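S.K.: Here you go, sequence then predicted model.
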Amino acid sequence: MNPATQDVMPDEVDQARRKDALMKDPIATNDLTGDLASLKIARTPETPSKSRRTYLWIAVAVVAIAGGAAAFLTSRGTLGAKTAETALVLSVQPGQEAPLFVATGTVTAATTDTLAPRTPGRLAKRLVDEGDEVAPGQAVAELDPTDLKLALNQARADLASADARVGTARAAEKSAEVRAARAQRLFQANAGTESAAVDSGIDLESAHAQLRAATADFGQSQARLETAQRNLADATLRAPFHAVVVRVLAQPGDFVSTAPGQGVMQLADLSSLEVDAEVAEANLRRVTLRMPVEVRLDALTSQGLVGHVFSIRPSVDVAKATAIVKVRLDPSPATAHLSLFPGMNGRVTFVAHEPDAQGLNKAPTLEVPSAAIVHEGAESQVLTVDKDGRVKAVKVVTAGADGDRVVLKEGPQAGTTIVSHPDGIKSGDRIQQKSN
């Protein structure tokens, strides 16, 4: 080793060698310069990349597609469609006028009864079934009379014993009266003592008290006997009025209680049916007594019933915001054959004038506005509108007029949407609906 290099550090030697190599190899020098230059931050804008150009073309394509779709829809008639007033083909009930308001109603019976015995007992026989018609006083069920007969026999025995006690007390009273009279006479004749006369008087008062007590016991025993006789008679349950058995509550062998809501069966007088209408609180001010109504039950949709308001219950259901308006159905030969039962539901229509009872029982008619009729030569048409707004001409046959509406003998079914004023509109057009 050269003594001149002994004091030089290893790092300094490496740096010197790299400098000599760079001086001898200019190409390596240029490569390093390029590497250093690549580390600089570009200050001039770069040309858009390939991905950015792709996004630009996609946006242009979307705009083009949207324009084509708009042109297609315009050609199909969606954009720029005509606006027209529409109406519905109505199913009109003859004799029915425009309602003031409508409420839901439930049929109820004015006269009902839950038949139950005076005393609890076991049901021995049931003589009628649900749906049977019963007359006033008719036997409908019998309780087991065993206990009631025993109670009756005991009451009879108690009455006989009480009667015997009354006889004994009456005899004791008579004897006390005789003794008291004798003691009083002896005392007045100075043949008896005053104390004997006083004692006999006290005995007489005691005899009177015992007779009164025995007589009272006799009266109580007689009342118990009458009660036992009545209970035995009531073991046979009888209908209190002309009614129909609407529900059976107990079967033979069941123990029948006298608790409220329990018994043997429920009776209802179906000749006194009413309708309880649930009228919205906001419509109560429009209800008056004797107001005419038209009732149409769900089970008898083809039969209209005429009635009148006879009571307005003075309470409002807070949860429903309704009050009960009671309606009495008008009797008529047309409705006498109908089977109406409590619990039936339906619609109660409140009207300003008396409904036509005969018209309500006729078949409903189809009606459309007079202006909706289009005349094509000898034919008449209406323009129906489908769910897409497409108009189609449908032939109709008219059967007279009903005010500003035309009655259809033949035509589209009730609920079909039609053009109510078809001026300038023809079959095949597409419209935007504008309801009346």
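M.R.: Good, I have the coordinates. Numbers count the residues shown, from 1 in each chain.
S.K.: in which helix or strand would I find the nearest residue to residue 82 once chain neighbours are set aside?
M.R.: Excluding the flanking residues, the one nearest residue 82 by C-beta to C-beta, 6 or more residues apart in numbering is residue 431, at 5.0 Å. Bear in mind the C-beta positions are built from the backbone N, C-alpha and C, glycine included. According to DSSP states H and E, residue 431 maps onto strand 431-435.
S.K.: I'd like to know which elements that strand is packed against.
M.R.: Secondary-structure packing of strand 431-435 (3 or more C-beta pairs under 8 Å, 6 or more residues apart in numbering; DSSP states H and E): strand 82-88.
S.K.: Spell out which strands sit alongside the strand it packs on in the sheet and which way each one runs.
M.R.: Here strand 82-88 has these sheet partners by DSSP bridges: strand 417-419 (antiparallel), strand 431-435 (parallel).
S.K.: Just name the most buried of these.
M.R.: Using mean count of other C-beta atoms under 10 Å, the stretch among the strands paired with strand 82-88 with the greatest mean number of neighbours is strand 417-419 (a mean of 22).
S.K.: Please compute how far that strand lies from its chain's middle.
M.R.: Computed by C-alpha atoms, centre = their mean, to the nearest Å, the separation of strand 417-419 from the middle of its chain amounts to 35 Å.
S.K.: For that strand, the averaged confidence score.
M.R.: Mean pLDDT, strand 417-419: 93.
S.K.: what do you get for stretch 118-137?
M.R.: 93.
S.K.: show me where the stretch 51-200 of the chain has strands.
M.R.: Listed in chain order, the strands of the stretch 51-200 of the chain (DSSP state E, counting those that start in this stretch) span residues 82-88, 90-92, 101-109, 112-115, 121-126, 133-134, 139-143.
S.K.: now for the ones you listed, which one comes closest to residue 158?
M.R.: Taking C-beta to C-beta as the criterion, strand 121-126 is the member of these that comes nearest to residue 158, at 21.4 Å.
S.K.: Just name whatever secondary elements the closest one is in contact with.
M.R.: The contact analysis (3+ C-beta pairs under 8 Å, 6+ apart) places strand 121-126 against strand 139-143, strand 255-256.
S.K.: List of residues touching the strand holding residue 431?
M.R.: Outside of strand 431-435, the residues within contact range by C-beta atoms under 8 Å, 6 or more residues apart in numbering are 81-87, 385, 389, 391, 417, 419, 425.
S.K.: What's the end-to-end length of stretch 295-309?
M.R.: For stretch 295-309, the first-to-last residue distance is 12 Å (C-alpha to C-alpha, to the nearest Å).
S.K.: in that stretch, what counts as buried?
M.R.: Residues of stretch 295-309 classed as buried under the neighbour-count rule (16 or more other C-beta atoms under 10 Å) are 295, 296, 297, 300, 304, 305, 306, 307, 309.
S.K.: pLDDT of that stretch, averaged?
M.R.: According to the model, stretch 295-309 has a mean pLDDT of 87.
S.K.: Over to stretch 268-285?
M.R.: Averaging pLDDT along stretch 268-285 yields 92.
S.K.: Out of the strands paired with strand 82-88, which is closest to residue 340?
M.R.: Comparing these by C-beta to C-beta, strand 417-419 comes nearest, at 36.7 Å.
S.K.: Outside of that closest one itself, which residues are in contact with it?
M.R.: Where contact means C-beta under 8 Å, 6+ apart, the residues beyond strand 417-419 that reach it are 84-89, 368, 372, 382-385, 391, 412, 425, 431, 433.
S.K.: List buried residues within the residues you listed.
M.R.: Using 16+ other C-beta under 10 Å, the buried ones in the contacts of strand 417-419 are 84-89, 368, 372, 382-385, 391, 412, 425, 431.
S.K.: nearest to residue 168, of those residues?
M.R.: For residue 168, the closest of the buried ones among the contacts of strand 417-419 turns out to be residue 88, at 95.6 Å, with distances computed as C-beta to C-beta.
S.K.: Can you tell me the SS state at residue 341?
M.R.: coil (DSSP: H, G, I helix; E, B strand; the rest coil).
S.K.: Compute the number of surrounding residues for it.
M.R.: Residue 341: 15 surrounding residues under other C-beta atoms under 10 Å.
S.K.: my read: it touches residue 297, true?
M.R.: No - counting by C-beta atoms under 8 Å, residue 341 sits too far from residue 297 to count as a contact (9.9 Å).
S.K.: For those two, list the residues in contact with both.
M.R.: The contact lists of residue 341 and residue 297 share residue 107, where a contact means C-beta under 8 Å, 6+ apart.
S.K.: re earlier: export the contacts of strand 431-435 to JSON lines and tack on distance to residue 142?
M.R.: Supplementary listing: these in JSON lines, determined by distance: C-beta to C-beta, whole Å:
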{"residue": "81", "distance to residue 142": "79"}
{"residue": "82", "distance to residue 142": "80"}
{"residue": "83", "distance to residue 142": "78"}
{"residue": "84", "distance to residue 142": "75"}
{"residue": "85", "distance to residue 142": "72"}
{"residue": "86", "distance to residue 142": "68"}
{"residue": "87", "distance to residue 142": "66"}
{"residue": "385", "distance to residue 142": "69"}
{"residue": "389", "distance to residue 142": "73"}
{"residue": "391", "distance to residue 142": "75"}
{"residue": "417", "distance to residue 142": "65"}
{"residue": "419", "distance to residue 142": "72"}
{"residue": "425", "distance to residue 142": "78"}
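S.K.: Please save the CA atoms from the strand holding residue 431 in PDB.
M.R.: Included here for strand 431-435 are C-alpha records, laid out as PDB according to Å, rounded to 0.1, in the frame of the first residue of the first chain:
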ATOM      1  CA  ILE A 431    -104.200  12.700 -25.500                       C
ATOM      2  CA  GLN A 432    -103.400  14.000 -22.100                       C
ATOM      3  CA  GLN A 433    -106.400  13.700 -19.900                       C
ATOM      4  CA  LYS A 434    -107.900  16.700 -18.200                       C
ATOM      5  CA  SER A 435    -110.700  15.700 -15.900                       C
END
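S.K.: Residue 101 is in contact with residue 286, isn't it?
M.R.: Yes - between residue 101 and residue 286 a contact is recorded at 6.7 Å, counting by C-beta under 8 Å.
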